[in-house]
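Sequence unavailable; structure follows:
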Ligand code: PEP
Ligand code: MG
């Protein structure tokens, strides 16, 4: 019998095969459709109770994921809770109940439907994604109104490993599943930036979303094989071996000349909560600790709060190096407590270091906390979004002033490597000049790509253009790395491209010393480099061939052929 095949969008790389388990969607469109409005008062109480229960559930989830997965994931639930106190959502629903014509379910559906339509009509992809949040919260409210028990941790089979098929997968459901027994995710709805996709990548579970064609037939399959990179799923015989290859990093074959030699594979994290993943995927340090998540809550962290977080990470990561990045707020990262200015082009505005240099008291406080934490183990600090040497110098003046303050106050400090991010083309171009001012460079390929190609990194319409494989981006990276080596400092990569196994041999060949990535990507990069033997001449040829290209498509071909040669 021929295997049937379905296609979707691969959102979390990896390959898996095994038995399926189907999570049917809750019918939010029709819940409570037929029940009558008994009294306005009663509907009001029902709504109140549903909001309360939803809020309690969300708080429980938020705390659980903050401890287990870190701040980035916890923020999903913070955003959901904010919706519950949003006057234009729940407030509006209460008002409409007063008319006495609709019940709580109908009112919620109406208000949420309008909000979703409005958000989807806005061009900014940030707001379009918020429409998904509204739908998530609506679903939970309706379930609570209907007393639907759908705790997936109860529904999921008690033993065995499965590929999970789901009409939709909310963050709450994803969190509740026992991830060590989930081989893969196949979700009918959602895109690359849907929360389920982000979570799958965080956990390193292969996933495919947006499989709309032939969904009914697919859910009837008992055994499937999927590829979360290429975006396909196929039926397979039931005696196929069960596997998910995301832990393949353990099987690394690392010979004398393998590309893994001399390359540090580190992790990017957003909070101490991510440390369990750092250990699980065996990172050799933290190449990027994004501190902005500490500042995204309703209240700003104190110096002591920061000290505690930084110290925990450094201590846990020791004897490896922890690179702490100073606050990179602005752009796509919002922080209500910081009162950021409204800007027409936030990615080109007062972001990151541009912001902290304008708020020296806040900047100094963070730098003091970093100095104090440095006593706990090997630490580095780096500054984001530098465009000119003057900015770097001003940042360093603050750093030394903070050191003085800490010493004056009698605190113990450790040594600190001082680095800067290379993510603005002007800084990349000046790498040879800037190299004498720092101990290391860390290339932020996400921003470097968006600024070199003038293509918003958040805009799905420009995804094709916004590619680190563009020869100009790779040429710039090669130039920066070579300039740093000449001046005796090291360069790492900490943007998403750092976790791309296809690019890893090129990065090694241009002299990059550290690749820092989402913990879930470590295994595949380790395997790719560990399996590859390349002489210095072959590495030189690879670099020359890449840099001879004019087109992204040609670069991809060159990289692919070096992988198989
Ligand atoms: C980058 O720009 O590549 C980077 C690592 O920083 P962020 O993604 O936090 O902007
Ligand atoms: Mg950046």
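In hand now; what should we look at? Bear in mind that the values here come from a model prediction, so they are computed numbers and not experimental data. Ligands and ions are numbered 1, 2, ... in the order given.

Give the helix, strand or coil label for residue 298.
Residue 298 falls in the coil class when you classify it by DSSP: H, G, I helix; E, B strand; the rest coil.

Residue ranges in the stretch 51-200 of the chain under the pLDDT threshold?
149-150, 193 (pLDDT under 70).

Contact residues of the stretch 351-500 of the chain facing ligand 2?
By Cβ under 5 Å from the ion, the residues of the stretch 351-500 of the chain that approach ligand 2 are 423, 444, 447. For glycine as for every other residue, the C-beta is placed from the backbone atoms N, C-alpha and C.

The chain too?
Counting by Cβ under 5 Å from the ion, the residues of the chain that sit close to ligand 2 are 423, 444, 447.

Go again with 6 Å.
Contact residues, the chain versus ligand 2 (Cβ under 6 Å from the ion): 384, 423, 444, 446-447.

Identify the farthest-apart pair in these.
Using Cβ to Cβ, these span at most 11.2 Å, a distance reached by 384 and 446.

Neighbour count: the two, which is higher?
A direct count of neighbours by other Cβ atoms under 10 Å for residue 384 and residue 446 places residue 384 higher, at 28 against 17.

intersection of neighbour lists for residue 384 and residue 446?
residue 423 (Cβ atoms under 8 Å, 6 or more residues apart in numbering).

from the residues of the stretch 351-500 of the chain next to ligand 2, which ones fall inside helices?
Using DSSP state H, the subset of those located in helices is residue 447.

what's the closest of the residues of the stretch 351-500 of the chain next to ligand 2 to residue 153?
Using Cβ to Cβ, these come closest to residue 153 at residue 444, 37.6 Å.

contacting residues around the closest one?
So residue 444 contacts 384, 421-423, 494-495 (Cβ under 8 Å, 6+ apart).

In contact with the spatially closest residue to residue 274 that is not a sequence neighbour, which residues?
Closest residue in space to residue 274, ignoring its immediate chain neighbours: residue 70 at 3.9 Å, by Cβ to Cβ, 6 or more residues apart in numbering. By Cβ under 8 Å, 6+ apart, the contact list for residue 70 reads 269-274, 277, 293.

Please apply the same query to residue 299.
Residue 299 neighbours (Cβ under 8 Å, 6+ apart): residue 337.

Repeat that for residue 428.
422, 443, 448, 476-477, 479-480 are the contacts of residue 428 under Cβ under 8 Å, 6+ apart.

Apply 10 Å and report the result again.
Going by Cβ atoms under 10 Å, 6 or more residues apart in numbering, residue 428 touches 422, 434, 441, 443, 448, 451-452, 473, 475-477, 479-480, 483.

Just put the residues you listed in a markdown table and tack on secondary structure, neighbour count and pLDDT.
Output for the contacts of residue 428, formatted as a markdown table (DSSP: H, G, I helix; E, B strand; the rest coil; neighbours: other Cβ atoms under 10 Å; pLDDT from 0 to 100):
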| residue | secondary structure | neighbour count | pLDDT |
| --- | --- | --- | --- |
| 422 | strand | 29 | 98 |
| 434 | helix | 23 | 98 |
| 441 | strand | 26 | 98 |
| 443 | strand | 30 | 98 |
| 448 | helix | 25 | 97 |
| 451 | helix | 22 | 97 |
| 452 | helix | 20 | 98 |
| 473 | helix | 24 | 98 |
| 475 | helix | 18 | 98 |
| 476 | helix | 21 | 98 |
| 477 | helix | 25 | 98 |
| 479 | helix | 16 | 98 |
| 480 | helix | 27 | 98 |
| 483 | helix | 22 | 97 |
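
quick check, nearest of these to ligand 1?
residue 448 (6.6 Å; Cβ to the nearest ligand atom).

Excluding chain neighbours, what is closest to the closest one?
Closest to residue 448 by Cβ to Cβ, 6+ apart is residue 423, at 4.8 Å.

Could you check the pLDDT of the one you found?
Model confidence at residue 423, given as pLDDT, is 97.

burial of it, as a residue count?
Going by other Cβ under 10 Å, the residues that sit close to residue 423 add up to 26.

Could you do residue 388 as well?
Residues near residue 388, counting by other Cβ under 10 Å: 13.

any idea how far the nearest residue to it once chain neighbours are set aside is from residue 391?
Nearest residue to residue 388, sequence neighbours excluded (Cβ to Cβ, 6+ apart): residue 426, at 6.9 Å. Noted for residue 426: a distance of 10 Å to residue 391, by Cβ to Cβ, to the nearest Å.

repeat for residue 282
Applying Cβ to Cβ to residue 282 and residue 391 gives a distance of 36 Å.

So between those two, which is more surrounded?
Comparing residue 282 with residue 391 by other Cβ under 10 Å, the one with more neighbours is residue 391, at 19 against 15.

Give me the below-cutoff pLDDT ranges for this protein.
The chain contains residues with pLDDT under 70 at 1-2, 149-150, 193, 238-257, 563-565.

Spell out for me which residue occupies the centre of it.
Centrality entry for the chain: nearest residue to the mean C-alpha point is residue 198, 6.0 Å, by Cα atoms, centre = their mean.

And the strands in the stretch 401-550 of the chain?
Counting by DSSP state E, counting those that start in this stretch, the segments of the stretch 401-550 of the chain that form strands are 416-422, 440-443, 490-493, 514-517.

out of these, which comes closest to residue 152?
strand 514-517 (29.0 Å).

Remind me what that closest one packs against, helices and strands.
On a contact count with 3 or more Cβ pairs under 10 Å, 6 or more residues apart in numbering; DSSP states H and E, strand 514-517 meets strand 264-269, strand 286-290, strand 440-443, strand 490-493, helix 504-509, helix 522-530.

does any part of stretch 516-531 sit near ligand 1?
No: using Cβ under 6 Å from any ligand atom, stretch 516-531 stays clear of ligand 1, with a minimum separation of 8.3 Å.

start to end distance for that stretch?
Length of stretch 516-531, first residue to last, Cα to Cα, to the nearest Å: 19 Å.

again with stretch 370-380
First-to-last residue span, stretch 370-380, Cα to Cα: 9 Å.

Off-centre distance for it?
25 Å (Cα atoms, centre = their mean, to the nearest Å).

And stretch 272-288, by the same measure?
14 Å.

cool, stretch 535-544 as well?
That offset, for stretch 535-544, works out to 32 Å (Cα atoms, centre = their mean).

list the buried ones in that stretch?
Using 16 or more other Cβ atoms under 10 Å as the test for burial, stretch 535-544 gives 538-539, 542-543.

quick one: contacts of that stretch?
Residues contacting stretch 535-544 (Cβ under 10 Å, 6+ apart): 257, 259, 474-475, 478, 482, 505-506, 508-511, 532, 534, 558-559, 561-562, 565.

ok, 6 Å please
509-510, 562 (Cβ atoms under 6 Å, 6 or more residues apart in numbering).

How about stretch 24-42?
Contacts of stretch 24-42 (Cβ under 6 Å, 6+ apart): 43, 100, 103, 105, 139, 142, 146, 167-168.

Can you mark which positions in it are buried?
Of all the residues in stretch 24-42, those buried under the rule 16+ other Cβ under 10 Å are 26, 28, 31-32, 37.

Kindly report the same for stretch 356-366.
356-357, 362-366.

Repeat that for stretch 223-241.
Result for stretch 223-241 [16+ other Cβ under 10 Å]: buried residues 223-229, 231-236.

Those in strands, which ones?
Among those, DSSP state E puts 223-227, 232-235 in strands.

Can you tell me which residues in the stretch 201-350 of the chain are near ligand 1?
Residues of the stretch 201-350 of the chain lying near ligand 1 (Cβ under 6 Å from any ligand atom): 288, 290, 328.
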